[in-house]
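Participant: Turn this into a model:
(3 chains)
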Amino acid sequence: MVLERSAYLSTVQARHDEGYIYLADLTCVDYLNNPTRDLVDGVSLERFELVVNLRSFAPPAIVRLRVQVPEQDPLVPSIFGFYPGAEAMEREVFDLFGIRFEDHPDLTRILLPEDWEGHPLRKDYGVGRVPVQFKEVKRNR
Amino acid sequence: MPLEDLSYNFLTGNVEKLVQWARKASVWPATFGLACCAIEMMASGAADFDLARFGMEVFRASPRQSDLMIVAGRVSQKMAPVLRQVYDQMMEPKWVISMGVCASTGGMFNNYAIVQGVDQIVPVDVYAPGCPPGPETLMHAILTLHHQIQTGEILRRRAAGEKGTTVKMIGEPATTKMLGGVEDLV
Amino acid sequence: MTNAIYTVIRPEGDNRFGLVQETSEGLQELGDRATTSTAALAKEIGSTLRIPEGEAELESDSDDGRMIINMGPQHPSTHGVLRIMLEIEGETVLRSKPVVGYLHTGMEKTAENLTYLQGTTNVTRMDYLSPLNNELVFCLAAESLLGIELPERATWIRMLMSELNRIASHVMWLATNGMDLGSTSMMIFGFRDREMVLSFFEKTSGLRMNNNYIRVGGVAADLPDGWEDDVTAIIDTIEARTHDYDELITGQPIFRERVVGVGTLSPQEAVALSASGPILRASGVPWDLRKEMPYLFYDQIDFDVIVGSVGDTYDRYAVRLFEIRESISIVRQIIDRMPRGPYRALDPKVTPPPRARIDESMEALIHHFKLFTEGIRIPPGESYVAIESPRGELGCYMVSDGSARPFRMHIRGPSFVNLQSLPVMLHGGLLADAVAVISSVDPVMGEVDR
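Facilitator: Okay, the predicted model is just below:
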């Protein structure tokens, strides 16, 4: 389900009460300049999309929430209150994408050194290749 | 009984050769296993490919007690200062084997997060390629190192400064003063 | 000063899996983190240490006897580069914080620049103890977007490889766990068995570890002739030796004292912290993705899910030991049921044609050329696929934009999420138990840091 940011917390609460008590995955996608996404009525597509996968155990099911996060104001409420397991995942999203989470107990960089600047998994951050002798042939992609 | 009849009981040679033989026959590696190569390093210390026959099954945890640092695995930017610190804490004479392509040149990960070759941080004596290098490759690298220790080639190179084509150092060059050298214990 | 008491609210009722609990952090009012000083953070109640990594010294009073010590990233407990900051009082661990990132390789960024054929080489190095499982989840995600149908033999070969990998990984875990608890002979025994499995992998795929074998559209090459005898010899030997290890370790009083009752994790805590795999099952939650949401052909295979009762380190050990036996029985069933047929999809847009045909047919040559230079084009979409790896739920979320490279590939590493349950397990235990508990969680730093 594709969501707006304002509906995020309430939807998570609703799913949690329905029985989706296990957080499987929380990640983010950067859709800079990429038009190929199916549009959903009433939801404006933003640059970042936070993807949350929730599981229920009985009956075994999985639901996916896709929350749109605008680029100018990358702030999202944290679901640490419902799923303490989100702590490390949200820290990773902050580290690699720069999306801040409100009410997160410890929002610091987890994978990169603390004094790193930039958010590597954004599309406008280069890979950081070191030129290798004889390999830099122009490739067309 | 005259001394000449006991000649089969005596071995004669240089002190230097004796010292080199002692150094090569009991190299103690420091555990610096980072990633997949660490598993192959452990496998080469284990049953089918035994490192104990070279006197090297003792992987010392403390760098102060080890001679050889086998950098096994990819070195990330966060790990690089730790690597340098461990290298500095080792006592002379010390050697470094860079195991695997990630440690030698950055391997298949040519990106922002991996140091492109551990020889940007520590001076390396032997490079062992492979992803991961099988235990046979690692043992070949170790035996190459042993041969170089035995012939004294490494120390000769270091004295001549051949190896010292500028390694970009972070901070001051290593001395025993750094990080709690012998003087602090006095 | 009173000791910190960790309160756990357990819900009433017969809800089998429990509700998410409110941890004592949730009951407390947390101020904005930027305004909270380190000294105040040091006085927080709970089991997770939230002090910034650089400031490991308590500035304020030291007469309460608490110290923050640092374990790692280079330490002899052979679990890779994990750094743990422990707040201890005497020998008792109060709070802890695992610090990861020392092996961060930027694999997800690299994956956006590699084709799907090269992607498996990238992904396989994440969980380097069970590389075929990483490749499997990547290929399942790519194939779910591609929408192709695999031949049966390919799926059965994948299952065989995955289960053999599980056996190798759990035997390796027995080896390193034995080493951490002091039994060097267990280490040697474990590697001896692992060598047998690795030599079979080398015979089939060409590499001992990190074999780029499971690819999009099937597997890279067919199983060698006489594989049934090889695999039967391997699993018979491992089965007999597992019995030996059982006798060596399980009843031994020293092992039991070190391990029983240590590092307990209740089922509600495990579900709340998103633990998965042997940790979740040892706590009493009977959740195994192979049974509950079967992928490949696991619904046609008969096996049991091993569930523990208490959730301590001993249960995790027992779960993994019995899982070796279950995997052996699964492999036996696979050997009986392996069908004949092609080992990869015959769709020329996905899998390269056999090399002999390149000499004969122009289309085969063109397809081969396109596949190896440009790659497989996958229609746009997004998909999340999860499998049960030896460490837990290994998931792959893939977004494709129609080109030959994934637009975004995210791997949900089970060890990354399982490490969050480490502070809860270490709380209140002794410092010496920390090694046993970390070893039982079985983190593989390659997939923690990616």
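Participant: From the centroid of chain A, which residue is nearest?
Facilitator: Taking Cα atoms, centre = their mean, the centroid of chain A lies closest to residue A:28, which sits 2.2 Å from it.
Participant: now do chain C
Facilitator: When Cα atoms, centre = their mean is applied to chain C, the residue found nearest the centroid is residue C:391 (2.8 Å).
Participant: Contact partners for that one?
Facilitator: By Cβ atoms under 8 Å, 6 or more residues apart in numbering or on different chains, the contact list for residue C:391 reads C:127, C:130, C:169, C:276-278, C:414-415, C:418, C:442-444, C:447. (Glycine included, C-beta is placed from N, CA and C.)
Participant: try 7 Å
Facilitator: Going by Cβ atoms under 7 Å, 6 or more residues apart in numbering or on different chains, residue C:391 touches C:127, C:277, C:414-415, C:418, C:442, C:444.
Participant: What is the burial count for residue 73?
Facilitator: Looking at chain A here, since you left the chain open. Using other Cβ atoms under 10 Å in any protein chain shown, residue A:73 has 10 other residues around it.
Participant: that's the wrong chain, I wanted chain C
Facilitator: Should you count by other Cβ under 10 Å, residue C:73 turns out to have 22 residues around it.
Participant: Can you pull the residues of the stretch 351-450 of chain C lying near chain B?
Facilitator: Neighbours of chain B within the stretch 351-450 of chain C, by Cβ under 7 Å from any Cβ of the partner chain: residue C:446.
Participant: Check the gap between the residue of chain A found nearest chain B and residue B:109 for me.
Facilitator: Per Cβ to the nearest Cβ, residue A:128 is where chain A lies closest to chain B, at 3.0 Å. With distances taken as Cβ to Cβ, to the nearest Å, residue A:128 is found 10 Å from residue B:109.
Participant: More neighbours: which of those two?
Facilitator: It is residue B:109, of residue A:128 and residue B:109, that has more neighbours when counted by other Cβ under 10 Å, with 22 against 15.
Participant: is it true that that one touches residue C:108?
Facilitator: No. Counting by Cβ atoms under 7 Å, residue B:109 stays clear of residue C:108, with 11.8 Å between them.
Participant: from chain B, which residue is nearest to chain A?
Facilitator: Per Cβ to the nearest Cβ, the residue of chain B with the smallest distance to chain A is residue B:112, at 3.0 Å.
Participant: Report the spatially nearest residue to that residue, omitting neighbours in sequence.
Facilitator: Nearest residue to residue B:112, sequence neighbours excluded (Cβ to Cβ, 6 or more residues apart in numbering or on different chains): residue A:128, at 3.0 Å.
Participant: pLDDT at that neighbour, what is it?
Facilitator: Residue A:128 carries a pLDDT score of 70 in this model.
Participant: try residue B:171
Facilitator: Reported pLDDT at residue B:171 in the predicted model: 44.
Participant: what's the model's confidence in the lengthiest helix in chain C, averaged?
Facilitator: Criterion DSSP state H: the longest helix present in chain C is helix C:152-181. What helix C:152-181 shows for mean pLDDT is 89.
Participant: Just checking, which helix or strand succeeds that helix along the chain?
Facilitator: Where DSSP states H and E defines the elements, the next helix or strand beyond helix C:152-181 is helix C:184-205.
Participant: who does that following helix touch, helix- and strand-wise?
Facilitator: For helix C:184-205, the packing partners by 3 or more Cβ pairs under 7 Å, 6 or more residues apart in numbering or on different chains; DSSP states H and E come out as helix B:36-45, helix C:152-181, helix C:227-245.
Participant: circling back to that earlier point, I figured the residue nearest to residue B:112 was touching residue B:110, is that so?
Facilitator: No. The pair formed by residue A:128 and residue B:110 falls short of the contact definition of Cβ under 7 Å, at 8.1 Å.
Participant: three-state assignment of the residue of chain B closest to chain A?
Facilitator: Following DSSP: H, G, I helix; E, B strand; the rest coil, the label given to residue B:112 is coil.
Participant: So which residues of chain A form strands?
Facilitator: A:2-3, A:22-30, A:48-56, A:61-69, A:75-77, A:100-102 (DSSP state E).
Participant: Single out the most deeply packed of the ones you listed.
Facilitator: Among the strands of chain A, the stretch with the highest mean neighbour count (mean count of other Cβ atoms under 10 Å in any protein chain shown) is strand A:22-30, at a mean of 25.
Participant: does that strand come close to chain C?
Facilitator: Yes. Using Cβ under 7 Å from any Cβ, strand A:22-30 reaches chain C at A:22-25, A:27, A:29.
Participant: Within range of chain A, give me the residues from chain B.
Facilitator: Applying Cβ under 7 Å from any Cβ, we find that chain B lies next to chain A at B:77-78, B:106, B:110-112, B:116.
Participant: Recalculate using a threshold of 6 Å.
Facilitator: Within chain B, the residues that sit near chain A (Cβ under 6 Å from any Cβ of the partner chain) are B:78, B:110-112, B:116.
Participant: again with chain C
Facilitator: Within reach of chain A by Cβ under 6 Å from any Cβ, chain C has these residues: C:17, C:20, C:23, C:26, C:50, C:101, C:104, C:109, C:271-274, C:292-293, C:380, C:384, C:395, C:397, C:399, C:401, C:408, C:410, C:412, C:420, C:449.
Participant: What segments of chain A are helices?
Facilitator: With DSSP H as the criterion, chain A has helices spanning A:8-18, A:86-97.
Participant: when you scan the shortest one, is anything in it near chain C?
Facilitator: Same thing as helix A:8-18. No. With Cβ under 6 Å from any Cβ as the criterion, chain C is not reached by helix A:8-18; the gap is at least 7.0 Å.
Participant: for residue C:150, what are its contacts?
Facilitator: Taking Cβ atoms under 6 Å, 6 or more residues apart in numbering or on different chains, we find residue C:150 in contact with C:218, C:345.
Participant: Mind checking what secondary structure it has?
Facilitator: With three-state DSSP as the criterion, residue C:150 reads coil.
Participant: Which phi and psi values does it adopt?
Facilitator: Phi and psi for residue C:150, reported as degrees, to the nearest 10, are phi -90, psi 150.
Participant: Kindly confirm my reading that residue B:132 is in a strand.
Facilitator: No. Secondary structure of residue B:132, determined by three-state DSSP: coil, with no strand assignment.
Participant: How many residues are close by it?
Facilitator: For residue B:132, the tally of surrounding residues (other Cβ under 10 Å) stands at 28.
Participant: which residue sits closest to residue B:66, ignoring its sequence neighbours?
Facilitator: Leaving aside its chain neighbours, residue B:66 sits nearest to residue B:30 (3.7 Å; criterion: Cβ to Cβ, 6+ apart).
Participant: On the strand side of things, show who the one you found bridges to.
Facilitator: Beta-bridge pairing of residue B:30 under DSSP bridges involves residue B:60, residue B:69.
Participant: Could you pull up the residues touching it?
Facilitator: Applying Cβ under 6 Å, 6+ apart, we find residue B:30 in contact with B:60, B:63, B:66, B:69.
Participant: May I ask which of those residues comes out lowest in pLDDT?
Facilitator: residue B:60 (77).
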